[in-house]
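K.L.:
sequence plus predicted model, see below.
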Amino acid sequence: MDTPPPPPPIANANVQPCRQCGYDIKGLSPESVCPECGFPIERSLASDELKNSSPEYIASLHKGVVIILSAIIVMILVVLGSLAAAVAISFSGTGPSPLWLDYVTQGVGVIIGLAMIYGWWLFSAPDPAYTGRADGSTARKVVRVALIVGACVNMLGLVILFLPINQGAMIAAIVVTVLSLIVFGVRYFAEMLYLKWLTPRIPDWDAYNRAKLLIWLGPVL
């Protein structure tokens, strides 16, 4: 596994922002604190590793990760539960799966989608005082847009369940399924690119290499 190159030089050598509030602290003593917010200037002058970022920003990332992982676990449990219920109904010989099972599955999917949006919104928050030129903004924005679009598609799928069963509803369901796959693919690549940018700031080179590997291996699997 390779190690990424060192971070690029700062975007503006004439400005040194405080990592807590963005106030220009250039020229102030490293032993002092930011006159605007009281954040230690020594930490603002250090590297772009997360340990030198503001506590509020780190807390936002941590909360986002917890929500994302919780949503993924719930999603896996829902999928496994739906499959188990479908198998049980099939063996019982009572006919196709009841509509209420589809309603519950789609409803939980919408809730999970909303939780993912909130989690990734926190996890992809920009560091207000990051000094590198590559700030991960493109990947962050794509992730956020894809999550919002995905939640709308899931809600549309829930609405389709209440439509009369006919050819039009079936076509709409197919369209929603295709859109969901496209949105998920776009979001997946953007998430991996964002992790490639963020993990060197931890620093966690194992996570960096995994993200780099999963960019192409994930779709293959």
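P.N.:
Here it is on my side, so go on. Numbering: from 1, shown residues only.

K.L.:
for residue 151, grab the count of nearby residues.
P.N.:
The number of residues packed near residue 151 is 20, by other C-beta atoms under 10 Å. No exception for glycine: its C-beta is placed from N, CA and C like everyone else's.

K.L.:
likewise residue 33?
P.N.:
Residues near residue 33, counting by other C-beta under 10 Å: 18.

K.L.:
likewise for residue 87?
P.N.:
10.

K.L.:
could you list the domains of the chain?
P.N.:
16-46, 57-220 (automatic domain parsing).

K.L.:
start and end of the last one, how far apart?
P.N.:
For domain 57-220, the separation between the terminal residues is 34 Å (C-alpha to C-alpha, to the nearest Å).

K.L.:
what of the shortest one?
P.N.:
In terms of C-alpha to C-alpha, the two terminal residues of domain 16-46 are separated by 11 Å.

K.L.:
quick one: the helices in this structure?
P.N.:
41-45, 55-92, 99-123, 137-161, 167-198, 205-220 (DSSP state H).

K.L.:
quick check: which ranges of this structure have low pLDDT?
P.N.:
1-13, 93-100, 129, 131-134 (pLDDT under 70).

K.L.:
closest to the centroid, which residue in it?
P.N.:
Centroid-nearest residue in the chain: residue 120, 3.4 Å away (criterion: C-alpha atoms, centre = their mean).

K.L.:
so who does that one touch?
P.N.:
64, 68, 143-144, 147, 191 (C-beta atoms under 8 Å, 6 or more residues apart in numbering).
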